[in-house]
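> A predicted structure for the sequence below; I have some questions about it.
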Amino acid sequence: MAGINGSMAHLSDGLFTTSIAIYAAAMVGFTAEYAFGRVGRKLEAAAPAPARELVGAGGPPVLEPATAPPAPPKRPAADRIGRWAVVITVLGALVHAASITVRAAAVDAVPWSNMYEFASVSGLVGVLAFLAVLWKLPALRHLGGFVLLPVILLMFLAGTVLYSEAQPLVPALQSYWLAIHVVLVSIAEGALMTSAVLTVLYLVKSRHDKRHDEPGYKPGSLGALAAKLPAAAVLDKAAYRVVAFSFPLYTVAVICGAIWAEAAWGRYWGWDPKETWAFIVWVIYACYLHARATAGWKGKAAAWVNLAGFGAITFNFLIVNIVVSGLHSYAGLS
Amino acid sequence: MRRILRPLRMAWRRLTSMRTALILLFLLAVAAVPGSLLPQRPLNPDKTNSYVAQHGGWGRFLDSIGMFDVFGSVWFAAIYLLLFISLVGCLIPRIRVHARAVARKPLPAPRNLDRLPENGRFDTADTAPAYVAAARSALGRRWRIVERREESGAITLSAEKGYSRETGNLIFHIALLASLVLIAIGRLYNYEGSRIVLQGADNGFCNTISQYDSWKPGRFAAEGKVHPAPFCIDEMSKFTASYTASGEPRTFRADVTYRPSLDAAPRTTNITVNHPLRLEGDRVYLINHGFAPQVTIRMPDGSVRHDVQAFVPTEAATLLSEGAFKQPGKTDAKQDIGIEGLFAPTPVDTGNGLITSASPRVSDPVLSVFIYQGDLTGSGAPQTVYALDHSKMKKIGKANLTIGKTVTLPNGVAVTFDGWVPWAGLQVSHDPAQGYLLIAAVAMVIGLLGSLGVRRRRVWLRIAPGSSPDDGSPTVVSVGGLARSDSGNFTAEFAGLLTRLETAGTPVEPNVSADAIGAGKD
């Protein structure tokens, strides 16, 4: 019964690499729009214009044909590039999803049982989350590069360092909790990655705003880029809302992990390194939520707490899996 | 008296402030870090001891400050106890305040609604009382609405919603406190026993302390205040392990016969990795497994002994295992026989006579034996069953045996490798609080959803009747809104609400100025 379909696993690898290349192309498009487009301080005013071009629920959204009703006014080049970047991203997400589906068929199990597969699924969640945000807030389109960059880095890491051959599940992973626990973790952590990106942009923007008001300010090239970011308060609020969404999800994911641990290892909590770091991550994001409500901690201090939380997630994913040994050693490395 | 009370009150206030709670939370996160990076004694005592030995004074220093048992250390306990107290001190007044807020009517409308962060104004052809009814139904049941009449003749509506935000917040924190208490109760009353069971009859055990290989009780269980449920695992009739071609494990299954209580009829079931046997109050887990080689030993005096011993795996990937056989001979005659053994399920000859294993699957297994004769008592220190203390023994031979093969030594001692049976490590766990803990955890999530998802909003309407009703001058409605929580986009929400409120009233004839909607947006 332990069949691994080799040719399908191979096909999945090919699709994975292809999707990285497609994302890279889309990122170039988004970056071009960001650099040459006329978005920036007047962003809010222009916001409602390119409304609702993404349709389709459930599956990845699709772009309506760009040829709109009678004689549309000619769009500026940057805008057209941005639109095409979205199309390319959707294409990349489709290929990426196909890669994951084929891998699942090859191993005949859920496709997130080792680090490579987990990273791939998290990357797809990140991209889909961004596409969902675009659907609601098309004005954020020019920020696509900032989302795709970490996704591409993560996938590159997954495809090289973290890669492992398709394998059937070891007994401890043969549980429906694998589907629930890991999916929740990957959604929560994928979303928290988005929050971290927004937080970095917030810090860049608020630093830019502060410098901008100083006398004798000369915008450098970085300053010119920062000027095109949405307002600092908008970024801060968006980062918070993503955490407010992810934190309960992460809590549920940890509780599901505890229920599974009770069935598999004989105790719901045992301070295994992975569990310890899950606890640390949870406490740091709890700090973030409290910090945003405490005078003297709002704004920048809270932003740094958010980044510390994502740092702990990264540590938990990379260092704890690869360096520290524990019960959660499913990396498939070594 | 005041001299003592004042500093105490100050200290209490400081401890229960949000800032202190935040710092304690941070400390908790930081304090957990060494627990994941250094070996921990409760999880892995051998690794910890060798770490301490390797690091000399530094290791002993870390040991003395509890770094190898972080989660049982005094300072970790101090942090979470302070946090616990801080939380209690923070919650009690908040519960009081919230109860009052729920009981109280929404506040009267401020004098100038257009000074609020969100505001708007429109006219309606309805009379003031008619519009009040329309506005009430437009707002719907989610708002708590209070109607007041001002001296000017205007009617005000104060509407509030989202009380369950603070309710959720309080539920979350109370459930968190309950969880901590339940974890502590579980720690006091729990126990964990483990026992190696060989496949076949006569190897079962009952749930009593004396029948376990290892026994880890909580404090009250250690004091004998917990009475283990009287069930028995009578026999493991079959243990099944299956592997892929490359030696990756696929399934482990133990088929057992058990009695839920001493006088109950025996039942059969199977225990697998994710499916423990759940009895009332206790769970029986399949934790690990291995091989128990069987040998026949001819002693120096010519007598024949049969022995079977569980070997411990030394390599997790290939299940190369080691163990010992100990057969006492005539006392004081130095005729004890001790055998150190190495069991290779799929043997590979490394070339110099040593055998190692290539896979956990059993295929023509080899038992390497190192045979000693002499006095088994050795140095007199306590011994494990898996190792031989041969300090008072002499090595008299060695051999690599396949099943059925015998090695005969010059003095007549002979060892035959007869075969093997599998063994399973079963663990019995008892934690009376964990079911309640799950309920508390679910309550935490529900509270969290309310606390982070519900939007706390206040809206006021001032409905001023037209200056003279006869000439048809319209009723003027001004609306102001305040978001009392961060979530959501209140600007968009308020705009939608304003539209709803305006369309609820009868529109005025179109010649009236249209400067109404959305005015005063920043």
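The structure has been received and is ready for your questions. Residues are numbered from 1 along each chain as shown, chains lettered A, B, ... in the order given.

> show me what contacts B:M299?
The neighbours of B:M299, taking CB atoms under 8 Å, 6 or more residues apart in numbering or on different chains as the test, are B:R305, B:Q327, B:G329, B:Q335, B:I337, B:V413. The C-beta positions use only the backbone N, C-alpha and C, and glycine is treated the same way.

> where does pLDDT dip in chain B?
Along chain B, segments meeting pLDDT under 70 span B:1, B:467-472, B:486-488, B:509-522.

> for B:L262, grab phi and psi.
When read as degrees, to the nearest 10, the backbone of B:L262 gives phi -60, psi -40.

> secondary structure class for the closest residue to it other than its chain neighbours?
Leaving aside its chain neighbours, B:L262 sits nearest to B:P230 (5.0 Å; criterion: CB to CB, 6 or more residues apart in numbering or on different chains). Under DSSP: H, G, I helix; E, B strand; the rest coil, B:P230 falls in the coil class.

> right, and B:P230 touches B:Q211 too?
No - under the criterion of CB atoms under 8 Å, B:P230 makes no contact with B:Q211, lying 11.7 Å away.

> contacting residues for B:L8?
Going by CB under 8 Å, 6+ apart, B:L8 touches no other residue.

> burial of residue 170, as a residue count?
Chain wasn't specified; assuming chain A. 16 (other CB atoms under 10 Å in any protein chain shown).

> ah, no, chain B please
By the criterion of other CB under 10 Å, B:L170 has 18 neighbours.

> now the host helix or strand of it: buried residues?
Per DSSP states H and E, B:L170 falls inside helix B:163-189. Residues of helix B:163-189 classed as buried by neighbour count (16 or more other CB atoms under 10 Å in any protein chain shown): B:164-176, B:178-180, B:182-183, B:185-186, B:188-189.

> show me what that helix is packed against.
helix B:74-103, helix B:219-222, helix B:434-453 (3 or more CB pairs under 8 Å, 6 or more residues apart in numbering or on different chains; DSSP states H and E).

> is any residue of the shortest one near chain A?
No - figure legend: helix B:219-222 not in contact with chain A (CB under 8 Å from any CB of the partner chain); closest approach 14.8 Å.

> dump that helix to CSV, restricted to CA.
Extracted in CSV, the C-alpha atoms of helix B:219-222 (Å, rounded to 0.1, in the frame of the first residue of the first chain):
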residue,chain,number,x,y,z
ARG,B,219,2.6,14.8,44.0
PHE,B,220,-0.7,13.4,45.3
ALA,B,221,-0.3,10.2,43.4
ALA,B,222,3.1,9.8,45.0
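
> would you mark the buried spots in it?
Buried positions in helix B:219-222, judged by neighbour count with 16+ other CB under 10 Å: B:A221.

> swap in the first one?
In terms of neighbour count (16+ other CB under 10 Å), helix B:74-103 has its buried residues at B:F76, B:I79, B:Y80, B:L82, B:L83, B:F84, B:S86, B:L87, B:G89, B:C90, B:L91, B:H98.

> SS state for the residue lying closest to the third one once chain neighbours are set aside?
In other words, B:Y80. In this structure, B:Y80 finds its nearest non-sequential neighbour in B:L28, 6.4 Å apart by CB to CB, 6+ apart. Assigned with three-state DSSP, B:L28 falls in the helix class.

> burial check on B:L28, number of neighbours?
Around B:L28 there are 20 residues (other CB under 10 Å).

> return the residues in contact with it.
A:V283, B:I79, B:Y80, B:L83.

> in PDB, list the C-alpha atoms belonging to the host helix or strand of the first one.
By that I understand A:V283. Using DSSP H and E, A:V283 falls within helix A:273-291. Taking C-alpha atoms only, helix A:273-291 is exported to PDB below (Å, rounded to 0.1, in the frame of the first residue of the first chain):
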ATOM      1  CA  PRO A 273      11.200  22.200  21.500                       C
ATOM      2  CA  LYS A 274       8.500  22.800  18.800                       C
ATOM      3  CA  GLU A 275       5.900  23.100  21.500                       C
ATOM      4  CA  THR A 276       8.000  25.500  23.500                       C
ATOM      5  CA  TRP A 277       8.500  27.700  20.500                       C
ATOM      6  CA  ALA A 278       4.800  27.600  19.600                       C
ATOM      7  CA  PHE A 279       4.200  28.800  23.200                       C
ATOM      8  CA  ILE A 280       6.900  31.600  22.700                       C
ATOM      9  CA  VAL A 281       5.300  32.700  19.400                       C
ATOM     10  CA  TRP A 282       1.800  32.700  21.000                       C
ATOM     11  CA  VAL A 283       3.000  34.800  24.000                       C
ATOM     12  CA  ILE A 284       4.800  37.300  21.800                       C
ATOM     13  CA  TYR A 285       1.700  37.900  19.700                       C
ATOM     14  CA  ALA A 286      -0.300  38.200  22.900                       C
ATOM     15  CA  CYS A 287       2.200  40.900  23.900                       C
ATOM     16  CA  TYR A 288       1.700  42.600  20.500                       C
ATOM     17  CA  LEU A 289      -2.100  42.700  21.000                       C
ATOM     18  CA  HIS A 290      -1.700  44.100  24.500                       C
ATOM     19  CA  ALA A 291       1.100  46.500  23.500                       C
END
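
> so which of the helices and strands packed on helix B:163-189 gets nearest B:P7?
Nearest to B:P7, of all those, is helix B:74-103, at 16.0 Å by CB to CB.

> quick check: neighbours of the helix or strand following the closest one in the sheet, parallel or antiparallel?
Using DSSP H and E, the helix or strand that follows helix B:74-103 towards the C-terminus is strand B:118-124. Taking DSSP bridges as the criterion, strand B:118-124 forms sheet pairs with strand B:475-483 (antiparallel).

> strands along the stretch 301-450 of chain B, start to end?
Here the stretch 301-450 of chain B has its strands, by DSSP state E, counting those that start in this stretch, at B:304-308, B:312-313, B:321-327, B:336-344, B:347-349, B:355-357, B:366-374, B:393-402, B:406-408, B:414-430.

> of these, give the one that comes closest to chain A.
Set against chain A and scored by CB to the nearest CB, the strands of the stretch 301-450 of chain B come closest in strand B:414-430, at 5.0 Å.

> any idea how many residues pack against the residue nearest to B:L262?
Neighbours of B:P230 (other CB under 10 Å): 14.

> how close does it get to chain A?
Between B:P230 and chain A the distance, using CB to the nearest CB, to the nearest Å, works out to 21 Å.

> of the contacts of B:L28, which is the nearest to B:F205?
Using CB to CB, those come closest to B:F205 at B:Y80, 37.0 Å.

> in the stretch 51-200 of chain B, which residue sits nearest chain A?
Closest point on the stretch 51-200 of chain B to chain A, by CB to the nearest CB, is B:F71, at 5.2 Å.

> which residue, other than its chain neighbours, is closest to that residue?
A:W271 (5.2 Å).

> output the below-cut-off pLDDT ranges for the stretch 1-150 of chain A.
A:1-4, A:38-75.

> now tabulate the strands of the stretch 301-450 of chain B in JSON lines and tack on distance to chain A.
Below are the strands of the stretch 301-450 of chain B laid out as JSON lines (distance: least, CB to the nearest CB, whole Å):
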{"stretch": "strand B:304-308", "distance to chain A": "26"}
{"stretch": "strand B:312-313", "distance to chain A": "15"}
{"stretch": "strand B:321-327", "distance to chain A": "19"}
{"stretch": "strand B:336-344", "distance to chain A": "22"}
{"stretch": "strand B:347-349", "distance to chain A": "20"}
{"stretch": "strand B:355-357", "distance to chain A": "18"}
{"stretch": "strand B:366-374", "distance to chain A": "26"}
{"stretch": "strand B:393-402", "distance to chain A": "28"}
{"stretch": "strand B:406-408", "distance to chain A": "37"}
{"stretch": "strand B:414-430", "distance to chain A": "5"}
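
> between the helix or strand harbouring B:Q294 and strand B:393-402, how many degrees?
B:Q294 belongs to strand B:282-298 when assigned by DSSP H and E. With axes from the mean of the first three to the mean of the last three CA atoms, to 10 degrees defining the directions, strand B:282-298 sits at 100 degrees from strand B:393-402.
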